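Novice: Predicted model follows, preceded by the sequence.
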Amino acid sequence: ANVTIKAKSEIDGVTIQKIVIGHADTNSSYNGSVWSLSGNTTSIEYSQPTTLTKGAEFVDVTNGGILVIPASANNKTLTIQANKTYQLEFPNGTWEQGKRYTYTLEIKQDDIIFVDDAPYVEEWDSENATGSVIIK
């Protein structure tokens with residue numbers, strides 16, 4: 001499955017430095033990705049700085065998305081390191097194989113929110129997927 005994060009900001013010049021999906025599932029192969037395991041907590045980290053301009057449209061801050069194992073999104077956390085560190089839980093749902101889940105976020109002066117209660121879901125051809133995403 002593919003998880004894509006799009007963001008916009010009401011603050012000018014916010015640079016997203018790192019995105020972390022916490023409590024990732026570990027029961028399958030993660031080809032081409034780097035995963036951190038600390039005790040029973042696994043996380044997926046994506047680092048490619050992206051600067052947001054106040055008032056601009058949503059920007060894909062994951063450069064095409066992050067590969068995840070098809071699984072429940074329940075109890076998974078999303079941490080955004082930018083001008084400060086923001087953390088929230090993904091809305092409940094399921095990440096299914098062959099689908100892209102696009103979440104939209106808005107960074108506010110003192111908070112970060114999911115703009116919608118559920119992600120936008122579309123078919124995703126994982127067999128022919130290409131891109132330059134680096135997961136650390």
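Specialist: Right, received. Where do you want to start?
Novice: With only the CA atoms kept, save stretch 68-80 in PDB.
Specialist: Extracted in PDB, the C-alpha atoms of stretch 68-80 (Å, rounded to 0.1, in the frame of the first residue of the first chain):
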ATOM      1  CA  VAL A  68       3.600   0.400   3.900                       C
ATOM      2  CA  ILE A  69       2.500  -3.100   4.600                       C
ATOM      3  CA  PRO A  70      -1.300  -3.500   4.000                       C
ATOM      4  CA  ALA A  71      -2.600  -3.200   7.600                       C
ATOM      5  CA  SER A  72      -4.900  -1.400   9.900                       C
ATOM      6  CA  ALA A  73      -4.200   2.300  10.200                       C
ATOM      7  CA  ASN A  74      -5.700   2.200  13.700                       C
ATOM      8  CA  ASN A  75      -3.300   3.300  16.500                       C
ATOM      9  CA  LYS A  76      -0.600   4.300  14.100                       C
ATOM     10  CA  THR A  77       1.000   7.700  14.800                       C
ATOM     11  CA  LEU A  78       2.200  10.400  12.400                       C
ATOM     12  CA  THR A  79       5.000  12.600  13.600                       C
ATOM     13  CA  ILE A  80       5.900  15.700  11.500                       C
END
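Novice: how far away is residue 96 from residue 13?
Specialist: 37 Å (Cβ to Cβ, to the nearest Å). To be clear about C-beta, it is placed using only N, CA and C from the backbone, and glycine gets the same treatment.
Novice: just for this protein, where's the confidence low?
Specialist: By pLDDT under 70, the weakly predicted segments of the chain are 26-41, 126-136.
Novice: and stretch 64-84, how far out from the chain's middle?
Specialist: Chain-centre distance of stretch 64-84: 4 Å, with Cα atoms, centre = their mean, to the nearest Å.
Novice: wait, what's in contact with the residue nearest to residue 108 when sequence neighbours are not counted?
Specialist: Closest residue to residue 108 in three dimensions, ignoring its sequence neighbours and counting by Cβ to Cβ, 6 or more residues apart in numbering: residue 10, at 5.3 Å. Contact analysis of residue 10 by Cβ atoms under 8 Å, 6 or more residues apart in numbering lists 54, 55, 106, 107, 108, 109.
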